[in-house]
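# dropping a prediction and its sequence here:
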Amino acid sequence: MPRLGSTTDRLRILTTTLALTLGTALVSVGTADAATAKHHPAAELPAQAAVSPAGCVIEYVTDPHPAPSVPRAVKVVAKARCGAPVPAQDLSLTLLADGKPVFKTVVKATNKADLFNRSTYIRCKNSTDRHTFQGTAISTSIEGDKPYVRFMASRSVVLPCGY
């Protein structure tokens, strides 16, 4: 399996994940429906460079690892944190295998400062096949009727997990 470690590979994977998640993020902030998001992805997405007034960030995305709570599974976990509670936020987490999305979850909260996503995992069918796994997260906070979007990716990890 190829090791995905270069900046170019990480950007390609993040772009793929962003395209898959864009519809969810836009629908959650009420700015477009999923059909519109598929046709105009770059024009509708708020820039990550904008600083969230509440200081919202993705605090971490764990490297893919064997799930302690789910036997024979690979898992990633993410946390978004704001300096103060915000009216609405969501945290989308995608598990990639060999650069392709294999599972995605989205958690949402209202009037909270912290948001955890602990539900993103896949069960391994065997332990002989090795694949390169990575987690990517996209968080959107709504502050003053404006969406603020953040992105983060974990490192790529090769694990013995056939899916």
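Sure thing, it's come through.
# quick check: T128 vs A67, distance?
Counting by C-beta to C-beta, to the nearest Å, the separation of T128 from A67 is 19 Å. All C-beta spots, glycine's among them, are computed from the backbone N, C-alpha and C.
# neighbour count winner among the two?
Comparing T128 with A67 by other C-beta atoms under 10 Å, the one with more neighbours is A67, at 19 against 9.
# state the pLDDT value of the more buried one.
Looking at A67, its pLDDT is 95.
# A34 now?
So, for A34, pLDDT stands at 34.
# who touches V77 in this structure?
Contacts for V77 (C-beta atoms under 8 Å, 6 or more residues apart in numbering) come out as Y60, V61, T62, L93, F116, N117, R118, T120, G135.
# could you do V74 as well?
V74 sits next to P64, H65, P66, A67, L95, Y121, I122, C124, F133, L159, C161, Y163 when contact means C-beta under 8 Å, 6+ apart.
# give me the number of residues near Q89?
Count around Q89 with other C-beta under 10 Å applied: 30.
# closest to T140 out of the contacts of V74?
L95 (19.2 Å; C-beta to C-beta).
# which residues does that closest one bridge with?
F103, G135 (DSSP bridges).
# report how many residues lie close to it.
Using other C-beta under 10 Å, L95 has 23 neighbouring residues.
# what's the pLDDT at it?
98.
# and if you look at the one 4 residues further on?
With respect to pLDDT, G99 has a value of 96.
# D9 now?
50.
# begin at 34 from now on, thanks
With the count now opening at 34, the last piece we talked about shows up as D42.
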